[in-house]
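**Student:** The following block contains a protein sequence and its predicted model.
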Amino acid sequence: MSQTIEETLLAKRESGKKSLVVYLTGGLDEHFEATVEEVSASGADVIEIGIPFSDPVMDGPTIQRANDMALTSGATPVSILDRVKQVESPTPLAVMTYYNIAASMGVERFASLLARSRVSGCILPDLPLEEVEPWANAADEEEVETILLAAPTAPDERLPIICERSRGFIYGVGLLGVTGVRQELASSAIEISTRLKKVTNLPVLVGVGIGTPDQAVEASRASDGVVVGSAVVERMLEGGGPERVGALVKEFRTALDEATF
Amino acid sequence: MSLGEINGLRDPDESGRFGEFGGRFVPETLIPACLDLEKSFKEAWADKEFRSRLDQLLSEYAGRPSPLTECPNLSKELGCRVLLKREDLNHTGSHKINNVLGQALLAQRMGKTRLLAETGAGQHGVATATAAALLGMECCVYMGEVDIERQELNVFRMRLLGAEVRTALSGSRTLKDAINEAMRDWVATVEESHYCLGSVMGPHPYPWMVRTFHEVLGKEAREQSEERLGTVPDLVVACVGGGSNAIGIFSGFADSSAELVGVEPSGGAAVGRGVPGVVHGSRSFLLQDEFGQVLEAESISAGLDYPGVGPEHSHLADSGRARYESVTDEEVIEAFQLLSRMEGIIPALEPAHALAWVSRERESLEGKTVLINLSGRGDKDVGQMMEVLEVDDGK
């Protein structure tokens, strides 16, 4: 087994660089495996595979559209993870989906399926700290890292508790809202990162509302890096193939590597 | 002691669970808002001033108490004694106003300036728009595109009342998707908006809080029954989508000998055909496929066109205290006409489900006393029914 997500991102931080986590909708089209490989080769440190759910309340229009397309084409959690297994890439993978996908299979079975599919981590945005225990315990058992979200609305005393239960990294929610590209970086992206850095040694990544390389650089001033989703999925939906998606990821990578922090 | 315990229904535990159902499955962004809402609701409910303000609005503005109506003609036809709890006579035409006035007052007390709601048939949207107009708050209602078409009168009503109606274009474009959109809006506007959820569903404290605001109708019905019958009815029957009107009337009889029956549409029978799952904030019976994708419900009634059900109903079904049956759209259309002709009362399509079940089961109900919660009036449905019935005539 390759490095865990946490090891990978900590090593990145040690090297003085910022991390780039890229989200891709799983099973979107026939290029899925090639897209993951291309994104890996283009410099993503971790790749998040979205498993589409019928009612994605944390997602904006772009990811909803990709979700619907994947579901309509018949993608299921099992078929997507089967394809993930075929991917040849050294980059650690995480799955992002909603809790009912895990719950309907049973949390132990879902955790074991992820592990067998060489998935290192999992993000369930509708499973907050109060409800996470059964899942997180099953995931710990299979050495799948449960990545928790921390939102701008959290009072100070809540943040260290979330960080303590999170594995891999802590996902700072950059703004009040759902996933999607915004005109400007919200000031809350800097604030949440700053607050999180004060209370944890885990890598702090900020996502939601990071749509351009410039925004990624700006957000990384206070964090250890960023999660980029909708901008990449938008590129996937344009249908230019894996190379065009890879080209966008390279833009983010280059911007982060060339900026001085 | 809480009102819930007095009425025989249990309050949820600290995690918001009724038995193994309920909980708080929402994005982290919303957790502080849910915790704050729970705290504020408990404080408000214990505050005499808040309670008397709500009681005053319920009587002087909403027209409570609603009467209990004996149905002599229908009783003769069916062979059982039928009584109706007339929630259709409330201001805005349904039971929804009970919950909405409570939540709107609470939101104002919490310093929120905007009410956010989802609606299926439009009854909850109209009620929320009404409360917002009354209290001078901003109001935004999400409604599925399909429902906007079949409930255009209610769309107009909401706009007339000053609310903004936004179309939910995703998924089945009905109630389920309107809830998704409302939750997305809430995630983005949680600091100024209160999500005025319309049924006994969603994350804790909603299922409990919404039930508490509807207990007034159960309490009235119990007192009216005792007065009229000297006892409780043999059966208490109500339609169930999310299940707010049903839990309201059940709350008045849960500690009695009355049999409690919830009636679901056959195309959205979450208790009847679903398995436990998690969507829209809580764990409950849910129509879903083998991978956990939520299925689309299908019902002639926009208000019941929902693949899930409130968690307390799942618990009542699980524990056996209530039972859940289903009826077809055809049976509902029959019942809609039956009550109109027999008693001069045009029911909404939602409570027509409860009537349809009683009508179908008339043989086994012979000689019994049946209380039906007539949760809303049918004005909103006459346009849709005019089309349905004319098409049938032409066949």
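**Tutor:** Perfect, thanks for sending it. These numbers were taken from a predicted model, which means no experiment stands behind them. Numbers count the residues shown, from 1 in each chain, chains lettered A, B, ... in the order given.
**Student:** Specify the local secondary structure of the closest residue to A:Arg118 other than its chain neighbours.
**Tutor:** Spatial nearest neighbour of A:Arg118, chain neighbours left out: A:Lys85 (6.4 Å); criterion: C-beta to C-beta, 6 or more residues apart in numbering or on different chains. (C-beta placed from N, C-alpha, C; glycine too.) For A:Lys85, the secondary structure call by DSSP: H, G, I helix; E, B strand; the rest coil comes out as helix.
**Student:** With the one 4 residues further on instead?
**Tutor:** The three-state label for A:Ser89, taken from three-state DSSP, comes out as coil.
**Student:** so how far is A:Gly16 from the closest residue to it other than its chain neighbours?
**Tutor:** The spatially closest residue to A:Ser89, leaving aside those adjacent along the chain, is A:Ser40, at 3.7 Å (C-beta to C-beta, 6+ apart). From A:Ser40 across to A:Gly16, the span is 22 Å (C-beta to C-beta, to the nearest Å).
**Student:** what's the burial count for the closest residue to chain A within the stretch 1-150 of chain B?
**Tutor:** Per C-beta to the nearest C-beta, B:Thr29 is where the stretch 1-150 of chain B lies closest to chain A, at 3.9 Å. Other residues within reach of B:Thr29, judged by other C-beta atoms under 10 Å in any protein chain shown, total 26.
**Student:** so it makes contact with A:Ala151?
**Tutor:** Yes: with contact defined as C-beta atoms under 8 Å, B:Thr29 counts as touching A:Ala151 (3.9 Å).
**Student:** which neighbours do the two share?
**Tutor:** A:173, A:176 (C-beta atoms under 8 Å, 6 or more residues apart in numbering or on different chains).
**Student:** Just list the residues touching the residue nearest to A:Gly180 when sequence neighbours are not counted, thanks.
**Tutor:** Taking C-beta to C-beta, 6+ apart, and ignoring the residues beside it in sequence, A:Gly180 has A:Gly60 as its nearest neighbour in space, at 3.1 Å. Applying C-beta under 8 Å, 6+ apart to A:Gly60 gives the contacts A:177-180, A:230, B:184.
**Student:** Equivalent analysis for A:Glu251, please.
**Tutor:** When contacts are counted by C-beta under 8 Å, 6+ apart, A:Glu251 touches A:Pro213.
**Student:** secondary structure element for it?
**Tutor:** When elements are assigned from DSSP states H and E, A:Glu251 belongs to helix A:242-258.
**Student:** Is any residue of the strand ranked longest in chain A near chain B?
**Tutor:** Determined from DSSP state E, the single longest strand within chain A is strand A:19-25. No: counting by C-beta under 8 Å from any C-beta of the partner chain, chain B is not contacted by strand A:19-25; separation bottoms out at 14.9 Å.
**Student:** Who are the packing partners of the helix or strand that that strand is followed by?
**Tutor:** Using DSSP H and E, the helix or strand that follows strand A:19-25 in sequence is helix A:32-41. Helices and strands touching helix A:32-41, by 3 or more C-beta pairs under 8 Å, 6 or more residues apart in numbering or on different chains; DSSP states H and E, are strand A:19-25, strand A:46-50, helix A:77-86, helix A:242-258.
**Student:** could the ones you listed go into JSON lines alongside mean pLDDT?
**Tutor:** Output for these, formatted as JSON lines (pLDDT from 0 to 100):
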{"stretch": "strand A:19-25", "mean pLDDT": "98"}
{"stretch": "strand A:46-50", "mean pLDDT": "98"}
{"stretch": "helix A:77-86", "mean pLDDT": "96"}
{"stretch": "helix A:242-258", "mean pLDDT": "98"}
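**Student:** Any idea which residue of the stretch 101-250 of chain A lies closest to chain B?
**Tutor:** Across the stretch 101-250 of chain A, no residue is closer to chain B than A:Ser104, which sits at 3.1 Å (C-beta to the nearest C-beta).
**Student:** what helix or strand is the closest residue to chain A within the stretch 51-200 of chain B on?
**Tutor:** The nearest approach of the stretch 51-200 of chain B to chain A comes at B:Ala188, 3.8 Å away (C-beta to the nearest C-beta). Using DSSP H and E, B:Ala188 maps to helix B:175-189.
**Student:** Then B:Ser199?
**Tutor:** Per DSSP H and E, B:Ser199 falls between elements, in no helix or strand.
**Student:** tell me which residues of the helix holding A:Glu251 are tucked away?
**Tutor:** Residues of helix A:242-258 classed as buried by neighbour count (16 or more other C-beta atoms under 10 Å in any protein chain shown): A:242, A:245-246, A:248-253, A:255-256.
**Student:** One more: stretch B:242-257?
**Tutor:** By 16+ other C-beta under 10 Å, the buried positions in stretch B:242-257 come out as B:242-254, B:256.
**Student:** quick one: that stretch to chain centroid distance?
**Tutor:** Here stretch B:242-257 is found 11 Å from its chain centre; the criterion is C-alpha atoms, centre = their mean, to the nearest Å.
**Student:** what's the answer for stretch A:8-15, then?
**Tutor:** Centre-to-centre, stretch A:8-15 and its host chain are 17 Å apart (C-alpha atoms, centre = their mean).
**Student:** List the buried residues for it?
**Tutor:** By neighbour count, with 16+ other C-beta under 10 Å as the criterion, the buried positions of stretch A:8-15 are A:8-10, A:12-13.
**Student:** Dump that stretch to CSV, restricted to CA.
**Tutor:** Once non-C-alpha atoms are left out, stretch A:8-15 reads as follows in CSV (Å, rounded to 0.1, in the frame of the first residue of the first chain):
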residue,chain,number,x,y,z
THR,A,8,1.2,12.4,1.6
LEU,A,9,-0.1,15.8,2.6
LEU,A,10,2.2,16.2,5.6
ALA,A,11,5.2,15.3,3.4
LYS,A,12,4.0,18.0,1.0
ARG,A,13,3.8,20.5,3.8
GLU,A,14,7.3,19.5,5.0
SER,A,15,8.6,20.2,1.5
